[in-house]
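J.: quick one: sequence plus predicted model below, questions after.
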Number of protein chains: 2
Amino acid sequence: MRVDMLAIGTELLLGQIVDSNTAWLGEQLAAVGIDTFRSVRVGDNHDRMVAELASMSEQADAVICCGGLGPTQDDCTRSAIADALGVGLIRDGELVAHIESLFAARGRTMPESNLRQADVPEGATVIPNPLGTAPGIRAVLHPRGGGECIVYALPGVPYEMHEMFTLSVLPDLLEQQGERRVIVSRTLKTWGKSESGLAESISDIVDAQTNPTIAFLARGIEGIQVRLTASAQDEQSAERLIGPVERELDARLGPLVYAKDEDTMESVVLALLAERGWKVAVAESLTGGLVCSRLVSVPGASHSFVGGMVTYATEIKRGALGVTAVDVISDECVQQMAEGVRSGMGVEVGIAVSGVAGPDGQDGHTAGEVHFGVVTPDGPVAFGRFLPGDRERVRSFSAITLLDTLRRTLLGLSFGSG
Amino acid sequence: MRVDMLAIGTELLLGQIVDSNTAWLGEQLAAVGIDTFRSVRVGDNHDRMVAELASMSEQADAVICCGGLGPTQDDCTRSAIADALGVGLIRDGELVAHIESLFAARGRTMPESNLRQADVPEGATVIPNPLGTAPGIRAVLHPRGGGECIVYALPGVPYEMHEMFTLSVLPDLLEQQGERRVIVSRTLKTWGKSESGLAESISDIVDAQTNPTIAFLARGIEGIQVRLTASAQDEQSAERLIGPVERELDARLGPLVYAKDEDTMESVVLALLAERGWKVAVAESLTGGLVCSRLVSVPGASHSFVGGMVTYATEIKRGALGVTAVDVISDECVQQMAEGVRSGMGVEVGIAVSGVAGPDGQDGHTAGEVHFGVVTPDGPVAFGRFLPGDRERVRSFSAITLLDTLRRTLLGLSFGSG
């Protein structure tokens, strides 16, 4: 079954609002095995919307429209669907009563214009909106090429739309679809290898797979994700399809996979620390608090994270952390920083990062040169690396690289060259 | 001139990524008076992309494509444009050398597949990508209905796309547009008042304006922006239109406006500190480094920022900052934190924040209760506030509120109730 999407609203085209509705719908549809091949955004323009509905209904089994159901003159979804059907609008008495009661309950006078929301194209049915005044519409178009296309019109307000999709549209679609299939996916999050390098290293596995499928998702500073998606009659069967492929990928990718599904680099690191009963303190220079902030973003972080020092100025590195290294962009410096924050905060593990974020170089070092240090009860580790990108990216890459270094240290893994 | 948009990527349809690129492009185009009537998303599917290009080129003067320029087999933008033109792909020697040099500079071996990024449709030109390996493409389609449609293909990675649009695509579009009108805009960035409250307070000015126009842009944790956009024959005339309206808004909004245009809360705060010759140190609890990180994000931050302490655990607040307050979520505590980091790092100004990020309450305080402290040579300031939202939003709101508190302190302003 193919369901395409049409988002309506001039503010979407002007970039005043980012259209997150169709992404949300896409995810819901994919989860039940319904395909989306195309999604379109148009402004609040009656004629363009009618034309779009006509052409989309030629290709898809159903079209979900979001937006354009408000009470103002520029909300044209109701009349566009009526025109696409070749019928008129009828004011629905029950809807009038419902909308009036909503205003009364809130103690507000209803502007006359709100009654436009009670207009329904002849022959269409109403999709109830439990959370707002704009009811949805369900209509069946008969495209020129033959067949049928169901049009669902939902409001653009995300929480109203989510509720109406879940309560009314999805059950209706599943009924249309007949045979019910369940989709299960697993995400392997990797750090330290480029997308093309990763793709090459597992291309034979990817090529051999049809169910589960394997896709690559570039997640910027969070690395590359490998997503397995299996479709089966029930969840257990889907898991049985994913299992062997996941194990094969795990074996091939090894330590490149730092987390799965909802886990993050910081949640994994905190869990590894908790396993050992160790606490960590952080000393940061160019990252300026990004590493601490990532750790604090995990609820319950206080179990394994006590705090950190942002030693941006050289004199603070020396005064607060006891750094004696002449060159503060060096392995020696980050090791001293890690040792300094570790003993200063009285914990088992100290980690540290220092480098040149740019745009300019510093003390004979070029922008992008960054050093990482980790000190645990098992001893110190320190190394340097060149990171690409502008100031913001160098800082973000540095933060995740330091966390990954701690992860690898805790797991007893080597430091690959990426 | 009409420029429509085509975003490419199965991950967009599956909802794995929210398409923010076309919103960004829509905003840039609207700012120079170029219309967008339609934006379409398709998956990584060669044939559908060719069909889409053919139909879009019938309607628009230009189409901007984002995505599908990566090195893997499923990246099909290059070949789809070639097919839409009815030509083949030619491997560009200069691009091969450029891509090889990028890998060499990072000390990585180039996977053979990356050379696909050097393929260019015959007759098309290359749009340089200063920030990545994927070059862009500019091609001229001749739709069946006659006329011409320029296709610009850019990568889906936002920061690469932004740079290439600004450097290459926008100047080209303005040249195509012929009659050159200059658009000048001024952005007033506000913090501390809701969009509806802000709109009400300046509604008479907004209603009276046509050139410049006045628009509100909600920027989440960065507050609400008021954007003035004037169009005129040259920059000077546009500036003359903006000037009086800007002064009227400045007078009305007063200290709510924390920055203009490219300035940010942190750049403004650093500039105010530099004016006085003061340096600042930061003590953070729930924000966990976010405040320091915002300050460090400004190039040259070291002029006025020396460093900070992330004192997440209570014992670190006491040990490292000398906090004696029994209740660590209190005005007394943040004032002691600010004094502690100020004297510990030997600077004129100390700022501090402590509170409950949630999701759970802590020590009898509910999630969202946050306290802010600032100590300067003129004395201490401390106050508490309830901030809305989940853990992430409470932390982000706390960080900007602390910076805004320092700004208001340095300017001798009062602390509004927002």
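T.: Everything's here; your move. Numbering: from 1, shown residues only, chains lettered A, B, ... in the order given.

J.: rest of the way, CA atoms for contacts and neighbours
T.: OK.

J.: need phi/psi at the residue lying closest to residue A:48 once chain neighbours are set aside.
T.: Take residue A:48 and drop its neighbours on the chain: the residue closest to it by Cα to Cα, 6 or more residues apart in numbering or on different chains is residue A:42, 7.3 Å away. Residue A:42 has phi and psi values of phi -130, psi 160 when expressed as degrees, to the nearest 10.

J.: by proximity to chain B, which residue of the stretch 201-350 of chain A wins?
T.: Here the stretch 201-350 of chain A gets closest to chain B at one residue, residue A:289, 3.8 Å apart by Cα to the nearest Cα.

J.: phi, psi for that residue please.
T.: phi 110, psi -10.

J.: now for it: which residues touch it?
T.: Taking Cα atoms under 8 Å, 6 or more residues apart in numbering or on different chains, we find residue A:289 in contact with A:309-310, B:288-293, B:310.

J.: the same query, at a cut-off of 7 Å, please.
T.: Residues in contact with residue A:289 (Cα atoms under 7 Å, 6 or more residues apart in numbering or on different chains) are A:310, B:288-290, B:292-293.

J.: next one: it from residue B:329, what distance?
T.: Distance of residue A:289 to residue B:329, computed by Cα to Cα, to the nearest Å: 21 Å.

J.: swap in residue A:13?
T.: Residue A:13 sits at a distance of 45 Å from residue B:329 (criterion: Cα to Cα).

J.: neighbour count winner among those two?
T.: Ranked by neighbour count (other Cα atoms under 10 Å in any protein chain shown), residue A:13 and residue B:329 place residue A:13 first, with 31 against 23.

J.: for stretch A:157-164, output the C-alpha coordinates as CSV.
T.: Taking C-alpha atoms only, stretch A:157-164 is exported to CSV below (Å, rounded to 0.1, in the frame of the first residue of the first chain):
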residue,chain,number,x,y,z
VAL,A,157,-1.1,21.3,14.9
PRO,A,158,1.2,18.3,15.7
TYR,A,159,-0.4,17.0,18.9
GLU,A,160,-3.9,17.2,17.4
MET,A,161,-2.7,15.5,14.2
HIS,A,162,-0.9,12.7,16.1
GLU,A,163,-4.0,11.9,18.2
MET,A,164,-6.3,11.9,15.1
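
J.: and it with chain B, contact?
T.: No. For stretch A:157-164, no contact with chain B is found by Cα under 7 Å from any Cα of the partner chain; the gap never falls below 13.8 Å.

J.: can you lay out the contacts of residue A:289 as TSV showing pLDDT, distance to residue B:259 and secondary structure?
T.: Rendered in TSV, the data for the contacts of residue A:289 read as follows (pLDDT from 0 to 100; distance: Cα to Cα, whole Å; DSSP: H, G, I helix; E, B strand; the rest coil):
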residue	pLDDT	distance to residue B:259	secondary structure
A:310	97	26	strand
B:288	96	25	coil
B:289	97	22	coil
B:290	97	19	helix
B:292	97	19	helix
B:293	96	19	helix
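
J.: assign residue A:388 to helix, strand or coil.
T.: Assigned by DSSP: H, G, I helix; E, B strand; the rest coil, the conformation of residue A:388 is coil.

J.: contact partners for residue A:13?
T.: Residues in contact with residue A:13 (Cα under 7 Å, 6+ apart) are A:43, B:23, B:26, B:36.

J.: contacts only, for the last one.
T.: Translated: residue B:36. Contacts of residue B:36 were listed using Cα under 7 Å, 6+ apart, and they are A:13, B:2-4, B:26.

J.: ranking those residues by neighbours, who comes first?
T.: Highest neighbour count within the contacts of residue B:36, by other Cα under 10 Å: residue A:13, with 31 neighbours.

J.: any idea of the pLDDT on that residue?
T.: For residue A:13, the model assigns a pLDDT of 89.

J.: how far out from the middle of the chain is the helix or strand harbouring residue A:306?
T.: Using DSSP states H and E, residue A:306 falls within strand A:305-311. Strand A:305-311 sits 28 Å away from the centroid of its parent chain (Cα atoms, centre = their mean, to the nearest Å).

J.: show me what the lowest-mean-pLDDT helix or strand in chain A is packed against.
T.: Within chain A, no helix or strand scores below strand A:213-218, which has a mean of 80 by mean pLDDT, DSSP states H and E. Helices and strands touching strand A:213-218, by 3 or more Cα pairs under 7 Å, 6 or more residues apart in numbering or on different chains; DSSP states H and E, are strand A:224-232.

J.: return the list of strands paired to the strand it packs on, each annotated with direction.
T.: Paired neighbours of strand A:224-232 in the sheet (DSSP bridges): strand A:182-190 (antiparallel), strand A:213-218 (antiparallel).

J.: would you reformat these as a markdown table and include distance to residue A:64?
T.: What follows is the strands paired with strand A:224-232, written out as a markdown table (distance: least, Cα to Cα, whole Å):
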| stretch | distance to residue A:64 |
| --- | --- |
| strand A:182-190 | 21 |
| strand A:213-218 | 26 |
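
J.: what's near enough to touch residue A:245?
T.: Contacts here follow Cα under 7 Å, 6+ apart; on that basis residue A:245 touches nothing.

J.: what residues sit buried inside stretch A:64-84?
T.: The neighbour-count check on stretch A:64-84 (16 or more other Cα atoms under 10 Å in any protein chain shown) flags A:64-71, A:75-84 as buried.

J.: restricted to strands, list those.
T.: Of those, the ones assigned to strands by DSSP state E are A:64-66.

J.: so which bits of the stretch 301-418 of chain A are right by chain B?
T.: A:302, A:306-313, A:316, A:345, A:392.

J.: off-centre distance for stretch A:373-388?
T.: Chain-centre distance of stretch A:373-388: 30 Å, with Cα atoms, centre = their mean.

J.: and if you look at stretch A:377-395?
T.: Centre-to-centre, stretch A:377-395 and its host chain are 26 Å apart (Cα atoms, centre = their mean).

J.: likewise for stretch A:138-153?
T.: Centroid separation for stretch A:138-153 versus its chain: 32 Å, with Cα atoms, centre = their mean.

J.: same deal with stretch A:213-220?
T.: For stretch A:213-220, the distance to the chain centre is 12 Å (Cα atoms, centre = their mean).

J.: then stretch A:52-71?
T.: For stretch A:52-71, the distance to the chain centre is 25 Å (Cα atoms, centre = their mean).

J.: contacting residues around it?
T.: A:1-9, A:44, A:75-78, A:84, A:113-114, A:116-117, A:134, A:143, A:145, A:148-156.
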